[in-house]
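Asks: Give me a model of this one.
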Amino acid sequence: MVDFASETALTDLMKLFIDKCIAGSEIIIPMALGLLGVLACIELALLFLYNAMDGGEDPIFLLVKGLIKYSFFGWLIQNWATGMRFTKQIFDWFSLLGAKAAGSAKVISDPAHIGDVGVTLALSIYDSTLGLGIGSIGIILLKLFMMAIIFLIFAVMAIYIFYTTMQFYVLCTITTAMLPFGANKYTSFLAQPAFGAICNISIKMMFLQFALCVSATYIDTLANNNPFLANSTTAGMLYTIVGSLGMVVFCVGIPQLAGNYFSGSPTFGDGAAGAAGSAVQSAAGAAVSAPVQAAKMGMQAAGIVQAAANIPGGRSPGGKMDLAGTARNMGTMARQSMPDRQMQMHGKSLFNASRSLEKDRTNVEAQKNQTNLF
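Replies: Residues are numbered from 1 along each chain as shown. Prediction:
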């Protein structure tokens with residue numbers, strides 16, 4: 001049970017949620033392994049069937065390759081959120097990297113410590129109001145307002161650590177069910193976002209740890225040299241609150257900046273305008289070039305027809321273009337310039353069309369001759 005009245009309530013609640021997430025992933029693992037086995041049987045059966053039809057690869061080689069791939073995914077499922085905690089190693093490494101970059105030897109992963117500093121400072125402000133009389137009602141209201149502000153500042157920081165950590169564990173638990181799909185190239189699109197999500201949240205924690213460790217000196221100064229004691233001035237307390245607000249904006253804004261950067265979201269106002277301008281320019285260029293391309297294709301087609309008509313057999317004795325002869329010449333040109341099978345079929349179609357045209361012309365001439373006889 002979590003004692004919500006204790007100073008470690010938020011940390012205890014986080015540990016409780018982490019244990020629940022790990023237990024949930026342990027329940028999902030057998031189901032994920034069963035799905036992995038089904039996918040392995042289907043893929044190996046199809047590979048052996050295709051190989052039996054064309055004899056492309058050694059069956060033993062196919063079996064060994066498939067076993068290595070599916071064994072790796074089986075290990076990955078068992079150690080994704082439990083066991084060796086593969087994802088936890090990535091998360092801890094990025095967190096430590098952020099702390100090292102800020103010059104700290106350890107990460108700040110205890111949200112209760114941040115929250116306790118806020119509670120201590122808020123109580124100091126409250127205690128400083130107890131000796132004031134009713135004639136100082138304005139000062140009392142101001143200090144109570146400052147007490148609420150300073151408490152919320154450190155509460156937001158503590159909750160943000162809690163929230164980011166729980167994001168990671170929830171992702172690890174739920175994405176365990178997606179890992180089997182990564183073993184098959186046709187279903188791997190379902191598992192790929194899981195790897196990206198774990199890396200993104202780990203990088204977000206790295207930026208958060210950097211911001212927290214940079215602010216740790218300021219937090220320790222507030223905890224050790226309380227500026228909200230009874231003999232503190234109102235101006236000094238206001239300056240401290242302004243500095244604390246800047247700290248919390250820094251600690252919350254830096255991870256969001258990292259999320260926008262790695263997700264590809266724009267961060268400058270003119271980025272969208274530039275992209276829209278490029279899109280409009282591309283569309284206008286395509287609209288202008290479409291008639292030009294059509295004209296070019298028409299000119300090329302006219303040139304091919306003219307060349308086929310100039311080949312012997314493409315014109316009648318009077319010099320006019322003979323459709324049958326021109327089509328026959330175009331078929332010959334296609335067979336000569338396009339040796340692959342598909343283009344030969346096109347050439348053959350043109351040749352058949354020329355024969356059909358020639359046959360029709362012969363029938364027309366025969367009918368004319370019969371008419372002249374009568």
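Asks: elements contacting the helix or strand where residue 39 lies?
Replies: Residue 39 is located in helix 9-54, with elements delineated by DSSP states H and E. Helix 9-54 sits against helix 59-78, helix 111-128, helix 137-175, with contacts defined as 3 or more CB pairs under 8 Å, 6 or more residues apart in numbering; DSSP states H and E. Every C-beta, even on glycine, is put in place using the N, C-alpha and C of the backbone.
Asks: tell me the average confidence for it?
Replies: Here helix 9-54 scores 87 as its mean pLDDT.
Asks: If you compare the directions of it and helix 111-128, what angle comes out?
Replies: 160 degrees (axes from the mean of the first three to the mean of the last three CA atoms, to 10 degrees).
Asks: Turn the helices and strands packed on helix 9-54 into JSON lines, including distance to residue 41.
Replies: Formatted as JSON lines, the helices and strands packed on helix 9-54 follow (distance: least, CB to CB, whole Å):
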{"stretch": "helix 59-78", "distance to residue 41": "10"}
{"stretch": "helix 111-128", "distance to residue 41": "46"}
{"stretch": "helix 137-175", "distance to residue 41": "23"}
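Asks: hey, which of the ones you listed is tucked in deepest?
Replies: helix 111-128 (a mean of 20; mean count of other CB atoms under 10 Å).
Asks: Where does pLDDT dip in the stretch 51-200 of the chain?
Replies: 55-56, 83-84, 132, 135 (pLDDT under 70).
Asks: Three-state assignment for the residue nearest to residue 116 when sequence neighbours are not counted, please.
Replies: The shortest distance from residue 116 to any non-neighbouring residue, by CB to CB, 6 or more residues apart in numbering, is to residue 7 (5.1 Å). Of the three states, residue 7 takes coil according to DSSP: H, G, I helix; E, B strand; the rest coil.
Asks: Please name the residues that touch residue 7.
Replies: 112, 115-116, 119 (CB atoms under 8 Å, 6 or more residues apart in numbering).
Asks: Break this structure down into its domains, please.
Replies: For the chain, automatic domain parsing gives the domain ranges 87-266, 274-373.
Asks: The stretch 151-300 of the chain: strands as residue ranges?
Replies: With strands called from DSSP state E, counting those that start in this stretch, the stretch 151-300 of the chain shows none.
Asks: ok, residue 145 to residue 133 distance?
Replies: 19 Å (CB to CB, to the nearest Å).
Asks: right, I mislabeled it, should have said residue 113
Replies: Taking CB to CB, one finds residue 113 at 36 Å from residue 133.
Asks: do residue 11 as well
Replies: 40 Å.
Asks: The two: which has the busier surroundings?
Replies: Neighbour totals were compared for residue 11 and residue 133, and residue 11 leads with 21 against 8 (other CB atoms under 10 Å).
Asks: wait, doesn't the more buried one sit right on residue 108?
Replies: No - the criterion here is CB atoms under 8 Å, and residue 11 misses it with residue 108 at 11.8 Å.
Asks: residues bridging contact with those two, i.e. touching both?
Replies: Residues touching both residue 11 and residue 108 (CB under 8 Å, 6+ apart): there are none.
Asks: Isn't residue 149 up against residue 241?
Replies: Yes - using CB under 8 Å, residue 149 is in contact with residue 241, at 5.6 Å.
Asks: Just the CA trace of stretch 75-92, in PDB.
Replies: Written as PDB, here are the backbone C-alpha positions of stretch 75-92 (Å, rounded to 0.1, in the frame of the first residue of the first chain):
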ATOM      1  CA  TRP A  75      15.200 -13.700 -26.800                       C
ATOM      2  CA  LEU A  76      14.100 -10.100 -27.500                       C
ATOM      3  CA  ILE A  77      10.500 -10.800 -26.400                       C
ATOM      4  CA  GLN A  78      11.700 -12.400 -23.200                       C
ATOM      5  CA  ASN A  79      14.100  -9.600 -22.400                       C
ATOM      6  CA  TRP A  80      12.200  -6.600 -23.700                       C
ATOM      7  CA  ALA A  81      10.600  -5.500 -20.400                       C
ATOM      8  CA  THR A  82      11.700  -8.300 -18.100                       C
ATOM      9  CA  GLY A  83      14.700 -10.700 -17.700                       C
ATOM     10  CA  MET A  84      17.800  -8.800 -18.700                       C
ATOM     11  CA  ARG A  85      15.600  -5.600 -19.300                       C
ATOM     12  CA  PHE A  86      17.000  -4.800 -22.700                       C
ATOM     13  CA  THR A  87      14.900  -1.700 -23.000                       C
ATOM     14  CA  LYS A  88      15.900  -0.600 -19.500                       C
ATOM     15  CA  GLN A  89      19.500  -0.700 -20.400                       C
ATOM     16  CA  ILE A  90      18.800   1.700 -23.300                       C
ATOM     17  CA  PHE A  91      16.700   4.000 -21.000                       C
ATOM     18  CA  ASP A  92      19.400   4.100 -18.300                       C
END
